[in-house]
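S.K.: sharing a model prediction with you, sequence too.
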Amino acid sequence: MQLTAMDIYRLLPKTNCAKCGEASCMAFATKLSEKETDLELCTQMAANELEKLENLLAPAVREITIGKGAKTVTFGGDEVLYRYELTYYNPTPIVIDVADNMEESAFDERVKTIEETEFERTGEVLTLNAIALRNASGDKETFAKAASKLKSSKFPLVLCSLDPEAMKAALEEVGDERPLIYAATENNIEEMAALAIEYDCPVTLFVQNDLEKMKELSRTLRAKGIKDIVLDPGTFVGEGIGDTLDNFVMTRRLAIKEKDEDFRFPIMGVPAITWLFEEDEVEGGIKEATIAATLMNKYSDIMIIHGTNIWELIPVLTLRQSVYTDPRKPQAVDPGIYTFGDVDENSPVLMTTNFSLTYYTVEGDLKSGKATCYLLVLDTEGRAVDVSLAGGQLNGSAVADLIKDSGIEDRVKTRNLIIPGLAAPASGEIEDETGWEVKVGPRDSSAIADLLLKLKGEA
């Protein structure tokens with residue numbers, strides 16, 4: 001059952017002291033329920049009351065942060081199985097692996113590629129999040145040396161080795177930066193647990209396809225006082241992907257539905273396993289991206305990927321952005337006037353809606369086509385053209401208000417408006433309400449630049 005603001009309010013002091021920055025305890029409780037403030041801002045609670053409320057507010061899946069200072073990433077923290085019930089708050093970090101035995105120049109180039117990979121979608125810059133250093137050499141000194149080089153990286157680290165001696169050597173170099181230890185297993189759990197405690201680092205528990213053993217070893221780590229644990233039930237590619245999904249789903253259900261303390265931790269997926277069975281760069285990249293997308297949809301809180309081709313990463317990062325967008329809140333940009341190029345009083349005027357994906361698609365097409373125009377953005381409560389037309393948000397009266405409020409009539413001497421092709425049914429109503437001449441534009445914004453060039457030639 002989802003925690004409500006009233007559930008939280010019952011445990012607050014109810015003094016309405018406003019020291020938390022809110023006008024009342026009820027307002028503070030509402031902010032807490034929406035994860036928009038911090039419980040520590042309440043200074044009126046006794047220690048035992050604070051602990052009780054902290055436990056109540058704690059998500060079903062523990063939040064874990066790796067890295068320190070400016071280079072940190074937080075994952076986990078899920079409270080529901082399905083995002084329509086609430087939302088997912090911490091996007092899955094995409095971690096790219098680097099082998100410790102690479103040639104120095106290749107090593108540096110790969111790290112540079114990881115750090116510089118980014119692209120913009122709907123106004124958000126999408127990037128990678130961390131580097132996983134693999135002890136591919138099997139040598140502890142080589143592993144430690146590579147870890148030391150990565151200390152200057154802008155990303156937090158995941159140290160990958162099943163050898164406790166190699167792990168200790170690497171931690172001596174970067175342990176103060178709180179890397180994620182990967183991994184504790186049935187065979188090395190005592191040594192890895194000791195390192196996690198010594199360096200105060202989170203640790204991944206790796207148990208392949210055996211949730212009973214996972215529970216046993218998770219309890220062992222918890223008994224030692226280790227709180228920051230990541231669970232890796234194993235990633236199986238090919239025919240084994242079904243087992244992987246079953247394990248991920250069961251692990252998450254045990255955490256959220258059963259509140260099983262041994263499973264209330266983030267889940268790690270390792271699509272990079274794909275490359276153990278695939279050598280072709282294209283085939284491997286497609287398979288890895290497919291597995292990554294599948295696991296992200298089934299509760300993978302952090303993932304290690306090998307491929308760095310942008311064509312492989314774009315669908316994964318785009319899916320992540322979509323999954324971690326609150327489905328209850330439409331993505332929207334501010335309504336009003338936007339300009340492209342060196343506009344003047346003779347520049348054409350276009351219109352679209354404020355659904356962010358619509359706006360940024362139109363924006364990209366106008367910029368790539370080097371268009372010069374005004375773009376009026378109508379407030380449709382974050383709905384696309386066809387949806388807002390059907391829902392009544394896109395109508396003649398609304399467009400007339402937009403023209404008046406935006407002041408566009410003071411900027412241009414023409415009274416011509418180009419509307420999206422999907423808004424054609426409302427063209428007559430828009431003309432009647434605005435007094436402007438309406439021209440129906442293309443259904444696909446990629447054709448707008450050509451239309452503007454054609455109209456310019458006819459002028």
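M.R.: Everything's here; your move.
S.K.: and stretch 210-224, what's buried?
M.R.: By neighbour count on 16 or more other C-beta atoms under 10 Å, the buried set for stretch 210-224 is 211, 214, 215, 217, 218, 220, 221. Where C-beta positions appear, they are placed from N, C-alpha and C, glycine not excepted.
S.K.: before we move on, what about stretch 222-236?
M.R.: Quick answer for stretch 222-236 (16+ other C-beta under 10 Å): 226, 228, 229, 230, 231, 232, 233, 234, 235, 236.
S.K.: among those, which are in strands?
M.R.: If you go by DSSP state E, these have 229, 230, 231, 232 in strands.
S.K.: columns distance to residue 436 and pLDDT on top of the residues you listed, output as JSON lines?
M.R.: Shown next, in JSON lines, are those (distance: C-beta to C-beta, whole Å; pLDDT from 0 to 100):
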{"residue": "229", "distance to residue 436": "62", "pLDDT": "98"}
{"residue": "230", "distance to residue 436": "58", "pLDDT": "98"}
{"residue": "231", "distance to residue 436": "60", "pLDDT": "98"}
{"residue": "232", "distance to residue 436": "60", "pLDDT": "98"}
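S.K.: from those residues, which is closest to residue 266?
M.R.: Distance to residue 266 across these (C-beta to C-beta) is lowest for residue 230, with 5.1 Å.
S.K.: surely that closest one touches residue 201?
M.R.: No. Counting by C-beta atoms under 8 Å, residue 230 sits too far from residue 201 to count as a contact (11.0 Å).
S.K.: pull up the overlap in contacts between those two.
M.R.: Common neighbours of residue 230 and residue 201, using C-beta atoms under 8 Å, 6 or more residues apart in numbering, are residue 180.
S.K.: how far away is residue 21 from residue 309?
M.R.: Here residue 21 is placed at a distance of 46 Å from residue 309 (C-beta to C-beta, to the nearest Å).
S.K.: which one's more surrounded, the two?
M.R.: It is residue 309, of residue 21 and residue 309, that has more neighbours when counted by other C-beta atoms under 10 Å, with 15 against 10.
S.K.: now do the contacts for the nearest residue to that one once chain neighbours are set aside.
M.R.: Excluding its sequence neighbours, the residue lying closest to residue 309 (C-beta to C-beta, 6 or more residues apart in numbering) is residue 285, at 5.5 Å. By C-beta under 8 Å, 6+ apart, the residues touching residue 285 are 307, 309, 311, 312.
S.K.: and the helices in the stretch 351-459 of the chain?
M.R.: For the stretch 351-459 of the chain, applying DSSP state H, counting those that start in this stretch gives helices covering 356-368, 385-391, 396-406, 427-434, 448-458.
S.K.: likewise for the stretch 151-300 of the chain?
M.R.: So, for the stretch 151-300 of the chain - with DSSP H, counting those that start in this stretch - the helices run 164-174, 189-199, 211-223, 241-256, 281-297.
S.K.: residues contacting residue 222?
M.R.: Counted by C-beta under 8 Å, 6+ apart, residue 222 has contacts 229, 261, 262.
S.K.: hmm, which helix or strand of the protein has the shakiest average pLDDT?
M.R.: In the chain, no helix or strand scores lower on mean pLDDT, DSSP states H and E than helix 47-57, which sits at a mean of 79.
S.K.: any idea which helix or strand comes after that helix?
M.R.: Per DSSP states H and E, helix 47-57 leads on to strand 63-68 as the next helix or strand towards the C-terminus.
S.K.: strand partners (parallel or antiparallel) of that following strand?
M.R.: Each strand paired with strand 63-68, and its direction, by DSSP bridges: strand 71-76 (antiparallel).
S.K.: helix 281-297 and the following helix or strand past the partner strand, what's the angle between them?
M.R.: Following strand 71-76 in sequence order, the next helix or strand is strand 94-99 (DSSP H and E). Orientation of strand 94-99 against helix 281-297 (axes from the mean of the first three to the mean of the last three C-alpha atoms, to 10 degrees) gives an angle of 140 degrees.
S.K.: flag every buried residue along the helix or strand just after strand 94-99.
M.R.: Next along the chain after strand 94-99, taking DSSP H and E as the criterion, comes helix 104-116. Using 16+ other C-beta under 10 Å as the burial criterion, the residues of helix 104-116 that qualify are 107, 110, 111, 114.
S.K.: what's near enough to touch residue 185?
M.R.: When contacts are counted by C-beta under 8 Å, 6+ apart, residue 185 touches 162, 192, 205, 206, 207.
S.K.: again, only using 7 Å
M.R.: Neighbouring residues of residue 185 by C-beta atoms under 7 Å, 6 or more residues apart in numbering: 162, 206.
S.K.: quick one: it from residue 248, how far?
M.R.: For residue 185, the distance to residue 248 (C-beta to C-beta) stands at 19 Å.
S.K.: over to residue 453?
M.R.: Here the criterion is C-beta to C-beta. By it, residue 453 lies 51 Å from residue 248.
S.K.: and what of residue 305?
M.R.: Distance, residue 305 to residue 248, using C-beta to C-beta: 16 Å.
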